[in-house]
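*Asks:* Please work out how this folds:
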Amino acid sequence: MIVIEPQEGENLEKMLRRYKRKFSRLGIAREVRNRMYHVPKSVQRREQIKRAAYRQRILQQQS
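*Replies:* Numbering: from 1, shown residues only. Presented below is the predicted three-dimensional model:
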């Protein structure tokens, strides 16, 4: 459970922003989405290779 303590003179909007930032950094939503259905290890690995190749292409285009 994520707990956000109010700081001195902090308004509700700032607290909510801190909560959302902390929530996204922890990756809770991503984890829930990934656990909704089973993905075989071979498919996970294939996706990982695709992402790595995409990143490499982007880096090569920037150079």
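
*Asks:* could you pull out the helices for the protein?
*Replies:* Using DSSP state H, the helices found in the chain span residues 12-26, 28-35, 41-62.

*Asks:* per-stretch mean pLDDT over those helices, give me the minimum one.
*Replies:* Mean pLDDT is lowest for helix 28-35 among the helices of the chain, at a mean of 88.

*Asks:* what's in contact with that helix?
*Replies:* Helix 28-35 has contacts (CB atoms under 8 Å, 6 or more residues apart in numbering) with F23. Yep, even glycine has a C-beta here, placed from its N, CA and C like the rest.

*Asks:* between it and helix 41-62, how many degrees?
*Replies:* 130 degrees (axes from the mean of the first three to the mean of the last three CA atoms, to 10 degrees).

*Asks:* Pull the contacting residues for the residue of the chain most remote from its centre.
*Replies:* For the chain, the largest distance from the centre (CA atoms, centre = their mean) belongs to G9, which lies 29.6 Å off. By CB under 8 Å, 6+ apart, G9 lies in contact with nothing.

*Asks:* hang on, the earlier thing: could I get the helices of the chain as CSV with distance to I4?
*Replies:* Formatted as CSV, these follow (distance: least, CB to CB, whole Å):
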stretch, distance to I4
helix 12-26, 5
helix 28-35, 14
helix 41-62, 32
